[in-house]
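In: give me coordinates for this.
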Amino acid sequence: MKPTLPLSSIPIFLLLVALYSFLLWRGLSGLVQPRFFWLYFLLQGLLVVAMQWGG
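Out: Next comes the predicted model:
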């Protein structure tokens with residue numbers, strides 16, 4: 001049986017998901033300039049790792 005998450009982890013996880021969704025929306029709507037693609041993908045990757053580690 002997997003232990004339940006502490007209550008403080010849930011808002012942090014939801015904040016990470018919201019940030020990831022915002023970055024995804026910016027990328028899909030074409031609002032990310034090509035010179036910032038590397039930073040955009042780096043931030044998305046870090047958010048995915050943080051969500052995996054925290055969830």
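
In: what is the burial count for residue 41?
Out: Neighbouring residues of residue 41 were enumerated by other C-beta atoms under 10 Å; the total is 13. Where C-beta positions appear, they are placed from N, C-alpha and C, glycine not excepted.

In: what sits against it?
Out: Under the criterion of C-beta atoms under 8 Å, 6 or more residues apart in numbering, residue 41 has no neighbours.

In: what strand or helix carries it?
Out: The secondary structure element spanning residue 41 is helix 37-54 (assigned by DSSP states H and E).

In: check residue 25 too.
Out: Secondary-structure element containing residue 25, defined by DSSP H and E: helix 9-28.

In: how far does that helix sit from its chain's centre?
Out: Between the centre of helix 9-28 and the centre of its chain there are 4 Å (C-alpha atoms, centre = their mean, to the nearest Å).

In: which residues in it does the neighbour count mark as buried?
Out: For helix 9-28, burial by neighbour count (16 or more other C-beta atoms under 10 Å) applies to 16, 19, 20, 23.

In: cool, stretch 34-47 as well?
Out: Using 16+ other C-beta under 10 Å as the test for burial, stretch 34-47 gives 40, 47.

In: starting at the chain centroid, how far to it?
Out: A distance of 11 Å separates the centroid of the chain from that of stretch 34-47, by C-alpha atoms, centre = their mean.

In: what ranges of the protein fall below the confidence cut-off?
Out: Counting by pLDDT under 70, the chain shows low-confidence ranges at 1-5, 54-55.

In: cutoff 90 now
Out: Across the chain, residues meeting the criterion (pLDDT under 90) sit at 1-14, 16, 27-28, 30-37, 40, 50-55.

In: about what we covered before: relative to helix 9-28, how tilted is the helix holding residue 41?
Out: Relative orientation of helix 37-54 with respect to helix 9-28: 160 degrees, computed using axes from the mean of the first three to the mean of the last three C-alpha atoms, to 10 degrees.

In: now, which of the buried residues of helix 9-28 sits nearest residue 52?
Out: Distance to residue 52 across those (C-beta to C-beta) is lowest for residue 16, with 10.0 Å.
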